[in-house]
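Peer 1: Sequence and computational prediction follow.
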Amino acid sequence: TGMTTLDPGFGNTASCRSEITYIDGAAGILRYRGYPIQDLAQHSSFLEVAYLVIRGALPSAGELKDFADQLRTNAPVPDEMRTLLDALPRNGHPMTLLAAAVNTLAAYYDDSADPTDDDQVETATIRLLAKLPTIAAHIHRRTSGSEPIDPDPARDYVENFLAMLFGQGTGDTELDALYTRALDLLLLLHADHELNCSTATVRVVGSSDADIYGSVSAGVNALFGPLHGGANQAVLEMLEEIRGMGGDVDAFLEKVKAKETRLMGFGHRVYKNFDPRSREIKGLAADILARQERPDELFQLALELERKALADPYFTERKLYPNVDFYSGVIYRAMGFPTNMFTVLFAIGRLPGWIAHWREQRKDPATRIARPRQLYVGPTERPYPAQG
Ligand code: CMC
């Protein structure tokens, strides 16, 4: 078919123009709306970056306060939804439950599910950002066998989320403040990453004029896969496997080179150099783990794994470097998150990006329904067997 070229995984196909995120994978550069990720990591906050990513400009102090207030007010979920969350299987993976719950928002809030109405999209934007942490925390409490905790309108976004997850905190206010800052930074570093698998999914679903809640729910499911957001959980499981091998990093790397397994948290479709997010996260991991009484065995293994992989031609020839997921799990674990919540944290971080892309696509006159072509390689016409 004339112009159709084969491009598995769309590695070479631009499906839209976008003003949100700039990545130069060869140079290891990442910017949201023009601002370098390092500057945002140092000076900004997750909510400010969420506003920036979605609205295109940094908020004034007043705008940021209004935004935070709106999220606070909208944090609770309706009682019927709490009943639904309570009824979900306790042994289900939190990502599966999260996707299901987000999908039902279109039903609980059918007054904000019309994708063609700007006011409704605005309302849905706030509701999604406000309620995702509440839903995630409720799921965590239920799947870990404890009572859910209501959102507290007096608390800030990230602080509130931690309180809904863990109750009173560690009992050490300084450490609690460090954890709040750490989670805020991790969410910020995940806020957008242009057309990664889940964001591309949100756009594909949205391109049929599906509502934003359903599109985001599809994004949650895409993120769950171990090659994408599920990698942060997979990294921890890999480090535990290596610990089970007596900490034999060399033996594990041999298995990777024999292609029996992948080095999780390494490699990226776009970065063929250091992932700038992984540098920020590695520094944070060192700060958090320095607070612990004993050196963290898994962090030590991660450091050794990174050092040995970066010195090995197998990895350097393929331009495999640590990505955003390599060190995040070590931090989440130190903060007391169970492994099955790691990818949920990624979802909360990535939500502003999903929303921003969905909204940008809706306003883009060049948008068409996503409908790739294929190269048919099946049988040519053949006769249906005669009935005997
Ligand atoms: N470990 C070992 N070998 C690897 C890895 C890895 N993590 N990643 C790629 N390779 C090898 C691959 O086997 C291939 O080698 P060869 O040329 O000999 O066949 C070569 O590198 C190119 O790999 P690819 O699969 O064509 O690369 P891709 O762009 O399709 O995949 C990726 C990108 C991120 C899926 C992949 O690097 C991977 O599976 N990494 C591990 C999972 C992971 O950490 N994912 C998180 C990505 S970052 C944030 C996010 O999206 O969540």
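Peer 2: Here it is on my side, so go on.
Peer 1: Near the ligand, which residues of this protein are found?
Peer 2: 9, 196, 227-229, 231, 256, 262-269, 318, 320, 323-325 (Cβ under 6 Å from any ligand atom). Every residue, glycine included, has its C-beta placed from N, CA and C.
Peer 1: how about R382, what does it touch?
Peer 2: For R382, the contact set (Cβ atoms under 8 Å, 6 or more residues apart in numbering) is empty.
Peer 1: quick one: what helix or strand has it in it?
Peer 2: For R382, there is no host helix or strand (DSSP states H and E).
Peer 1: hang on, the earlier thing: now, the residues of the chain next to the ligand that are in helices?
Peer 2: Secondary structure from DSSP state H places 231, 256, 325 of the residues of the chain next to the ligand in helices.
Peer 1: ok, back up a step: for ChimeraX, write the select line for the buried members of the residues of the chain next to the ligand.
Peer 2: Typed into ChimeraX, the line below selects the buried ones among the residues of the chain next to the ligand, using 16 or more other Cβ atoms under 10 Å:
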select :196,228,229,231,256,262,263,264,265,266,267,268,320,323,324,325
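Peer 1: from the chain's centre, how far out does the strand or helix carrying V205 sit?
Peer 2: Per DSSP H and E: V205 is located in helix 197-206. With Cα atoms, centre = their mean, to the nearest Å as the basis, helix 197-206 stands 13 Å off its chain's centre.
Peer 1: what sits against the residue of the chain found nearest the ligand?
Peer 2: Nearest residue of the chain to the ligand, counting by Cβ to the nearest ligand atom: G267, 2.3 Å away. Contact analysis of G267 by Cβ under 8 Å, 6+ apart lists 318, 320-321, 323.
Peer 1: care to break the chain down by domain?
Peer 2: 18-226+339-363, 231-334 (automatic domain parsing).
Peer 1: Ends of the longest one, what's the gap?
Peer 2: Terminal residues of domain 18-226+339-363 are spaced 11 Å apart (Cα to Cα, to the nearest Å).
Peer 1: what does the last one give?
Peer 2: Separation of the first and last residues of domain 231-334 by Cα to Cα is 17 Å.
Peer 1: Can you show me the strands along the stretch 101-250 of the chain?
Peer 2: Along the stretch 101-250 of the chain, no segments are classed as strands by DSSP state E, counting those that start in this stretch.
Peer 1: Nearest residue to the middle of this structure?
Peer 2: Centroid-nearest residue in the chain: F346, 3.0 Å away (criterion: Cα atoms, centre = their mean).
Peer 1: The helix or strand where that one lies to helix 197-206, inter-axis angle?
Peer 2: F346 belongs to helix 342-363 when assigned by DSSP H and E. When axes from the mean of the first three to the mean of the last three Cα atoms, to 10 degrees is applied, the directions of helix 342-363 and helix 197-206 differ by 40 degrees.
Peer 1: Tell me if I'm right that G9 and V270 touch.
Peer 2: No: judged on Cβ atoms under 8 Å, G9 makes no contact with V270 at a distance of 11.8 Å.
Peer 1: In this protein, where's the longest helix?
Peer 2: Max-length helix for the chain by DSSP H is helix 118-143.
Peer 1: sec struct for I23, please.
Peer 2: strand (DSSP: H, G, I helix; E, B strand; the rest coil).
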